[in-house]
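Participant: For reference, the sequence and a predicted model appear below.
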Amino acid sequence: APVPQVGTNLTDLRLPRRVTLRELGGCMAPIWPSYYRECSALVFVVDAASPTQVSASCIQLLSVLSAAPLAAVPVLLLFNKIDLPCYMTLAEMKSLFRTQDIVSCATQPITMLETSARDGTGLPDVLQWLRTTLGDPR
């Protein structure tokens, strides 16, 4: 099984405008705020195959959403690993996460998608969200 992200990775994407993604694992949460000011879009990834992590992920998400520098930054909430047999459906995750309450209280626009990084499900939607959100110059 893939291990959780540890440390920080930088990845450049062309959408076609070049954007840099900074990947920060959950164990890096204490230093997340040091990157908020340079953030123009936020992708928050939740392991949909790990119900035991839901409460911790939800608390981290609420902390991120309440951070002043991110008050207007668009958020993409990804429920990942839907290729695994034990994954929870989007409806189950939305219920457990109380996403309706989170979305209604958040100052940011929040989009939710299901993905599988392993088999590529949902990744075109993620790229489209990034293109739309980060505004490709045409």
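Facilitator: Thanks, I have it.

Participant: would residue 40 count as being in a helix?
Facilitator: No: residue state for residue 40 (DSSP: H, G, I helix; E, B strand; the rest coil) corresponds to coil; a helix is not indicated.

Participant: got the phi/psi numbers for it?
Facilitator: With angles defined as degrees, to the nearest 10, residue 40 sits at phi -110, psi -10.

Participant: What strand or helix carries residue 92?
Facilitator: Counting by DSSP states H and E, the element that carries residue 92 is helix 90-97.

Participant: Going by neighbour count, list what's buried in the helix or strand following that helix.
Facilitator: Remark: after helix 90-97, the chain's next helix or strand is helix 99-105, criterion DSSP H and E. Buried residues in helix 99-105, counted by 16 or more other C-beta atoms under 10 Å: 99, 102, 103. Where C-beta positions appear, they are placed from N, C-alpha and C, glycine not excepted.

Participant: Lovely, talk soon.
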